[in-house]
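Enquirer: structure for the following, please:
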Amino acid sequence: MSGSSTPPGRKPTAFRLDDSKVRLTDDDSRRPSADEALITQAFLDDEEPRLPRAASTPKGGFGFGKWLMVGLTGLVSLGIGLAVDSLIRDLFARTDWLGWLAVALAALAALGLLGLVARELAGLARLGRIDHLRDKLRTAADDDDARTATAGLKELMALYADRPETAQGRKALAGHMHEVIDGRDLVKLAERDLLSPLDLEARRIVLNSAKRVSIVTAVSPRALVDLLMVLFENLRIIRRISTLYGGRPGTLGFLRLSRHVVAHLAVTGGMAAGDSLASEILGHGLAARLSARLGEGVINGLLTARIGIAAISVCRPAPFIAGTGPSVKDFMAELTSLANKQDTDGNS
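Expert: Numbering: from 1, shown residues only. I've put the predicted structure just below:
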């Protein structure tokens, strides 16, 4: 024991990482002095072995489901084509003018199909353009990049070039782009001058839909009616807000947009908002003042508002930089006052 010396122990001490007494070392055997703290590189580095990403990534199979859909779609298309061809031949056999009328109607249907496909592709392109523009403006604001912000704002003004209600905002923003050199400030000015009227209208859309859901679900005697009303209003909110911000989605674009809204809700925890909303309502003492149906209507209205808020975040071509955007609490007072009025009218 006399040949080995054990360093004296010391009491645990708290240090800040930016403290001058904290030092980084690669020597695991070095002992700290009484007035310093040593952090080894091994402590900072994540040296735990990790499997490659491919180990948790599903492997691409043969895509039997895709083959099935392609095959069925091809068979249905061939069946429709043969039926149309047979119909035209039969009409020509009966009389020529009926055959030529069928050919003209078939050509009209083909043109309509091509126009529908073109509209769907244009709608998807607009949604992709808005997503790209939102990411560009967010990057410009985070990096305070004036050049990226200017390019993004030019795209934003081009997006609303055919909207008369944005003419004043576009004019003001064009003037700011010649005077302001900070990228983050440019994005904030775009929010204030160009997007604020659209944001105000989006809030009105969400509030009105939430009120309708709250009233219908409070007075409806059937659960099926409640479900259909909530579904209808939620889909209506998504389409109207997308159109308001310049998306104008077609059927495929609307499905894609709805999927993005649901994904946004999942990421932000919106699907579990029911419990928190119920807690807030209970915390405001509304449970003691409202009937069960009115309380259910308020909760359904707030959940509809949550869908609308997610739709605003997904459809808006710019991120919220100057503010945090709408929240469920912004609609709480309106819905609860509406419920209180209904309760008062029902008791009188």
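Enquirer: all contacts plus neighbour counts: C-alpha atoms, from now on.
Expert: Will do.
Enquirer: what helix or strand is Asp131 on?
Expert: With elements taken from DSSP states H and E, the one containing Asp131 is helix 96-143.
Enquirer: now the helix or strand following that helix: average pLDDT?
Expert: Counting by DSSP H and E, the next helix or strand C-terminal to helix 96-143 is helix 146-159. Mean per-residue pLDDT for helix 146-159: 90.
Enquirer: how far does helix 146-159 sit from its chain's centre?
Expert: Helix 146-159 has its C-alpha centroid displaced from the chain centroid by 21 Å (Cα atoms, centre = their mean, to the nearest Å).
Enquirer: now do that helix against helix 96-143, angle only.
Expert: Using axes from the mean of the first three to the mean of the last three Cα atoms, to 10 degrees, the direction of helix 146-159 lies 150 degrees away from that of helix 96-143.
Enquirer: which helices and strands does the helix or strand following helix 146-159 pack with?
Expert: Tracing the chain past helix 146-159, the next element assigned as helix or strand by DSSP H and E is helix 167-179. Other elements packing on helix 167-179 under the criterion 3 or more Cα pairs under 8 Å, 6 or more residues apart in numbering; DSSP states H and E are helix 183-190.
Enquirer: name the residues that touch the helix it packs on?
Expert: 137, 140-150, 153, 169, 173, 176-177, 180, 321-322 (Cα atoms under 8 Å, 6 or more residues apart in numbering).
Enquirer: can you tell me which of those are buried?
Expert: 137, 140-141, 144-146, 148-150, 153, 169, 173, 176-177, 321 (16 or more other Cα atoms under 10 Å).
Enquirer: any low-confidence regions in the chain?
Expert: 1-63, 221, 266-295, 339-348 (pLDDT under 70).
Enquirer: so which residue is dead centre in it?
Expert: The C-alpha lying nearest the average C-alpha coordinate of the chain belongs to Val314 (Cα atoms, centre = their mean; 3.0 Å).
Enquirer: my read is that Val328 contacts Ile307, right?
Expert: No. Using Cα atoms under 8 Å, Val328 and Ile307 do not qualify as a contacting pair, with a distance of 9.8 Å.
Enquirer: between the two, who's got more neighbours?
Expert: Between Val328 and Ile307, counted using other Cα atoms under 10 Å, the more crowded position is Ile307 (26 against 18).
Enquirer: contacting residues for the more buried one?
Expert: Asn234, Ile237, Val261, Leu265.
Enquirer: what about the helices in the chain?
Expert: When secondary structure is read from DSSP state H, the chain shows helices at 41-44, 64-94, 96-143, 146-159, 167-179, 183-190, 196-219, 223-244, 251-268, 273-283, 292-315, 329-347.
Enquirer: per-domain residue ranges of the protein.
Expert: Per automatic domain parsing, the structural domains of the chain span 14-45, 196-347.
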